[in-house]
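1. Next comes the sequence, and after it the predicted model I'd like to discuss.
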Amino acid sequence: MDTWGPGRHFSSGRHTHESARRAGQGSPGLIGRIHPQHLLVLVAVLGLIAAATIYATIQGREPAYAGAPPASSVSPSPAPAGESGPLPATGPASGAGSPSAAPPAPVTTPAPAPAVVAPPEPAIGAPLDAEINAVIQANSGYRVGVALIDVADGVVHEYGVRTKFVAASTGKILAAAAYYHLVETGKASLGTPMGASTAGQQIRQMVQQSNNESWALVLSAVGYRGLTNYAASIGIPYDRSVNALTPTEMARTLAELYSGRLLNAGNTRQLLSYMQNTNYEVLIPAAVPPGVSVFHKYGLLNGYLHDASILVQGERAYVFVVYTLGRDMSDMAARTRVIHQLTGTVTAGLF
C-alpha cells in the first residue's frame, strides 16, 4: 500500500516535469521542488488577483487606493470670482488618490497690469514757445513783450521784453478793480455821484470807451496812495505817477480777475462785460478765430501800442498780453500786424 511520502512526491514531480516539457513551458525540475501546499497557496493568490482584475474591468476603471472616495463623489471647489477654474483631470480616475489627496487648486489668472497713460502735453509748451519767439525775433525792430497764462494752472510764460512799459490805458483795469474793492469793503458805492453820472457809469466809460476824463475821476476817488496800496495787496508794484507795468504784471491782474480772486462774482461779471465790444477792436479781437470769446483792454499812447486780453472757449481760458513800443504813431499799422501774427500763433496753438 502506497503512503504519502517521498516516492509519491517524486512521481508527482516527474509527471509535472514531463507535462511541462511536452508543453514547452518552465525549466526542468522547478515545480518538482515545490511542496504541494505552497502550490495551493500560489494558485489561491493568483485566483484572487484574477478576480480583482475582473471586478475592476466590470467597474470600468482601475482599482482605487483603499480609503479614497469614489471619483463621482469628488467635485472641484468653485473658482473665486475673477479666477479660472481647476485644471482638468489628466487620468481616468481623477478623484482617486491617497486618503489625504485634495481637489486640484484653482489657477489664479494674474490681473492685467494697468495701462500706462502718458500725461497730456500742456497747451503752452515748447512748440508754442518757439513759434511765439520766432514772431518776436522776426520783428526785432520793435520792443515787444508777451505774457501768456493758462488760467487753469496760473503759470506765467514770458517772451521778449520782460521789463516795464508805460502801461497806457491798460492801467485802467487796475484803477477799476481798486474802486470795486472799495465798494466791496463798504468804503464806496457804485451809485455815488461822480462827474455828470455815477461811479458805476464812469467805470464803464473808462473801460469800454477808454474815456480819460472818467479815468481821472475814478483815480481821484481811489486816491494816489489807495491805488498804490491796492496794487501792492495783489502783488503788483505800481506807481501811478509813471503808470508802468510789465506784461507779466498785467497778465497776473487779468488772471486774478477772471478766476474770481480779485472781486466778488457780481463785480467780476460786470467788469468783464465792459471789456467786450469796446471802442477799439482792431488789435487782438480782430485776429481771434470764431468761437473764442475775448475780454480785453487796449492801450495807445505815443509810441506804445498794447492789448491785454482774456481768451475763452468752453472751459479753457488763457490770459494773453502783448506790449509794444515803436518809434511813434507812424509804425502803428506795422505793429498792429505784429499783434495779429502773435494772436494767430497763440490761438492756433491753444484752440
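-> That came in fine, so what should we check first?

2. which sections of the stretch 251-351 of the chain are below the confidence cut-off?
-> The stretch 251-351 of the chain contains no residues with pLDDT under 70.

3. Tell me where it has strands.
-> With DSSP state E, counting those that start in this stretch as the criterion, the stretch 251-351 of the chain has strands at 293-301, 304-313, 316-325.

4. State whether residue 159 is indeed within a helix.
-> No - the assignment for residue 159, made by DSSP: H, G, I helix; E, B strand; the rest coil, is strand rather than a helix.

5. measure it to residue 264 for me?
-> 33 Å (Cβ to Cβ, to the nearest Å). Backbone N, C-alpha and C define where each C-beta goes, glycine included.

6. Which one's more surrounded, those two?
-> residue 159 (20 against 12; other Cβ atoms under 10 Å).

7. helix, strand or coil for the closest residue to the more buried one other than its chain neighbours?
-> Spatial nearest neighbour of residue 159, chain neighbours left out: residue 146 (4.2 Å); criterion: Cβ to Cβ, 6 or more residues apart in numbering. At residue 146 the chain is in strand, as set by three-state DSSP.

8. pretty sure residue 146 contacts residue 321?
-> Yes - using Cβ atoms under 8 Å, residue 146 is in contact with residue 321, at 6.8 Å.

9. what's the overlap in contacts for the two?
-> Shared contacts of residue 146 and residue 321 (Cβ atoms under 8 Å, 6 or more residues apart in numbering): residue 247.

10. one step back: give me the pLDDT for the residue nearest to residue 159.
-> At residue 146, the model reports a pLDDT of 99.

11. quick one, what contacts it?
-> 132, 136, 158-160, 247, 320-323, 342.

12. Nearest to residue 299, out of these: which one, please.
-> Sorting those by how near they are to residue 299, with Cβ to Cβ, puts residue 323 at the top with 8.0 Å.

13. and the closest one, what is it in contact with?
-> 144-146, 161, 165, 167, 246-247, 250, 299, 304, 306.

14. For it, name its beta-bridge partners.
-> residue 145, residue 306 (DSSP bridges).

15. which stretches of the protein form helices?
-> 6-23, 36-59, 126-138, 172-184, 199-208, 212-222, 224-233, 247-258, 265-274, 284-287, 332-350 (DSSP state H).

16. So for residue 313, which of these sits nearest?
-> When the helices of the chain are compared (using Cβ to Cβ), the closest one is helix 332-350, at 8.4 Å.

17. so who does the nearest residue to residue 275 once chain neighbours are set aside touch?
-> Excluding the flanking residues, the one nearest residue 275 by Cβ to Cβ, 6+ apart is residue 295, at 4.0 Å. Contacts for residue 295 (Cβ under 8 Å, 6+ apart) come out as 254, 258, 272, 275-276, 309-310, 312.
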